[in-house]
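A.B. asks: Sequence first, predicted coordinates after that:
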Amino acid sequence: MGCGSCGTGSTGKPGGCQSNGGCSTGGCNRLNVHDWLRDLPIDDAESQCKVLEISFKQGSRKEFYRNLTLQHFDKGDYVTVEGVNGFDVGEVSITGELVRVQMKKRGVDEFSSEMKKILRPSNERDVEVFKISKSREAEMLAKSRAHAIVLKLAMKLSEIELQADGKKATFFYTADDRVDFRELIRIFAGEFKVKVEMRQIGIRQEAAKLGGIGSCGRELCCSTWLHDFKSVNTTAARYQNLSINQTKLSGQCGRLKCCLNFELDTYLDALQGFPDYADTLQTQMGQAFLIKKDIFKNLMWYTLPNNTKHFPLTIDRVKEIKNLNKQGIIVDELEAVELTNGKPKEVEPDFVDVVGQISLRSLEKNDRRRRDQQRNNGPRQEGNRPQQNFRPNNGPNNRPNDGPNNGPRPQGPRPQGPGPSRQQGPSRPQGPRPPQNSRPPQNERPPQSNRPSNDRTNNGPSNGPANGPSQN
């Protein structure tokens with residue numbers, strides 16, 4: 001759960017998360033508790049609670065420690081506390097009078113002599129050793145799981161919590177049956193050089209330690225605030241008229257969701273007004289069977305044999321029929337209630353089936369006309385152009401047709417183009433053309449595709465015959 005009041009500074013890190021500053025909400029920790037008695041005025045300083053609640057591993061474990069240092073600690077401060085043959089580092093989660101409320105809830109004696117003590121506020125050396133120890137947990141968990149597989153133990157290691165000084169490690173595991181892990185403890189102690197403690201937890205506690213997002217879209221309740229797990233059975237789902245679907249009713253732990261018990265008391269209170277022993281009713285059409293109780297509308301739904309229709313009855317009508325049946329009177333009909341929805345019924349729009357009615361002939365005609373026009377006139381293109389798109393040679397500067405034969409032109413009469421015949425200019429001499437130095441011979445001219453299309457000297461139109469003699 002992220003902190004709502006933590007701002008982001010110029011470094012790009014949240015100002016109040018992890019070790020970047022004091023967090024006023026404590027939302028970075030699991031099982032966070034809001035100290036609503038923080039600003040309560042204290043008349044007698046001697047009667048103030050001297051016990052603090054310290055959280056370890058981001059709220060995964062919480063314990064009570066006595067404060068004998070006579071120093072004031074705020075929520076979120078790191079403190080060094082007594083450990084097993086060493087010290088441990090934790091974070092202050094609750095201070096003040098709220099600690100007494102939590103101890104009373106968990107059954108812890110405030111003046112117990114076995115309660116451990118707070119040594120001092122954590123210094124830089126303690127925090128540095130604490131971070132080094134925490135960095136070893138992931139590697140130790142991977143190796144410990146490998147050893148458990150080699151020994152073929154029917155157990156699952158969920159989490160490892162290493163003490164700040166690195167002298168003790170607590171292994172949390174889940175198992176269905178009793179496990180003999182004496183050999184496993186010897187392997188752990190020899191390889192990791194720590195004091196080993198094996199602690200078995202339930203599947204719900206495992207899900208709380210791992211965390212996750214539930215089907216509601218929020219973090220798991222067991223990871224944020226729920227620490228007292230109660231038994232959940234399918235009876236709670238039946239009271240709430242939920243379908244008995246094991247997949248939908250199960251949480252990430254594989255057990256029934258804890259939230260099935262949250263509204264169960266409200267449903268049980270509402271069901272007090274419904275009549276008992278009203279599962280069946282005798283009618284002339286047959287025996288009616290109860291299928292559902294609607295506590296929101298105070299209706300009871302019945303069904304008749306050989307009929308798939310459901311009949312909603314009011315509570316008073318059910319009681320009336322039940323009393324008549326006790327007297328031996330069989331009612332003619334159930335007199336079901338007609339349910340009306342307060343919202344106006346939405347009118348569905350009428351859709352017209354236009355499949356096959358829309359014709360594309362107009363588009364086809366335009367496309368065909370465009371192709372015919374391009375075939376007759378010929379578009380100006382940058383690359384190779386077909387032969388019919390060029391005009392015939394009419395002057396000394398006009399190019400020959402780009403046909404298969406690029407040799408000397410025949411001496412016969414000129415072919416007529418698609419336009420009107422040209423009669424304005426003088427006739428072309430029939431003798432050989434004078435050589436020109438500005439262009440190579442016809443036999444050595446480069447292919448037309450390599451020349452730009454706009455490399456022309458005549459001023460006539462490009463599509464069709466010229467209107468006059470070419471001008472040099």
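C.D. replies: Okay, I see it.

A.B. asks: what ranges of the chain fall below the confidence cut-off?
C.D. replies: 1-33, 37-45, 341-347, 352, 354-360, 362, 378-472 (pLDDT under 70).

A.B. asks: got the domain boundaries for it?
C.D. replies: Per automatic domain parsing, the domain ranges recorded for the chain read 51-131, 137-207, 230-270, 274-326.

A.B. asks: Can you give me the end-to-end span of the last one?
C.D. replies: Domain 274-326 has an end-to-end distance of 18 Å (criterion: C-alpha to C-alpha, to the nearest Å).

A.B. asks: just checking, Arg125 is part of a helix?
C.D. replies: Yes. Counting by DSSP: H, G, I helix; E, B strand; the rest coil, Arg125 is part of a helix.

A.B. asks: Distance of it relative to Ile118?
C.D. replies: 17 Å (C-beta to C-beta, to the nearest Å). To be clear about C-beta, it is placed using only N, CA and C from the backbone, and glycine gets the same treatment.

A.B. asks: more crowded one of those two?
C.D. replies: Per other C-beta atoms under 10 Å, whichever of Arg125 and Ile118 has more neighbours is Ile118, with 22 against 9.

A.B. asks: residue contacts, the more buried one?
C.D. replies: Going by C-beta atoms under 8 Å, 6 or more residues apart in numbering, Ile118 touches 52, 54, 65-69, 73, 79-81.

A.B. asks: next one: Leu304
C.D. replies: Here Leu304 is in contact with 283, 285-288, 311, 334 (C-beta under 8 Å, 6+ apart).

A.B. asks: Of the residues you listed, which belong to strands?
C.D. replies: Applying DSSP state E to the contacts of Leu304, the entries found in strands are 283, 286-288, 311.

A.B. asks: ok so, going back, drop anything exposed from the contacts of Ile118.
C.D. replies: Neighbour-count burial (16 or more other C-beta atoms under 10 Å) applied to those gives 52, 54, 65-67, 73, 79-81.

A.B. asks: Looking at the domains of the chain, spot the one closest to Arg375.
C.D. replies: domain 230-270 (67.2 Å; C-beta to C-beta).

A.B. asks: Make sure Tyr302 is indeed in a helix.
C.D. replies: No. Read with three-state DSSP, Tyr302 is strand and lies in no helix.

A.B. asks: The closest residue in space to it that isn't next to it in sequence: what's it in contact with?
C.D. replies: Distance criterion C-beta to C-beta, 6 or more residues apart in numbering; nearest residue to Tyr302, sequence neighbours excluded, is Ala288 at 4.1 Å. For Ala288, the contact set (C-beta under 8 Å, 6+ apart) comprises 280-282, 302-304, 311, 334.

A.B. asks: residues making contact with stretch 260-280?
C.D. replies: Contact with stretch 260-280 is made by 230, 232, 236-237, 239-240, 242, 249, 287-290, 293, 295, 298, 300, 315, 318-319, 322, as judged by C-beta under 8 Å, 6+ apart.

A.B. asks: In strands, which of the residues you listed appear?
C.D. replies: In strands, defined here by DSSP E, the members of the contacts of stretch 260-280 are 287-290, 293, 300.
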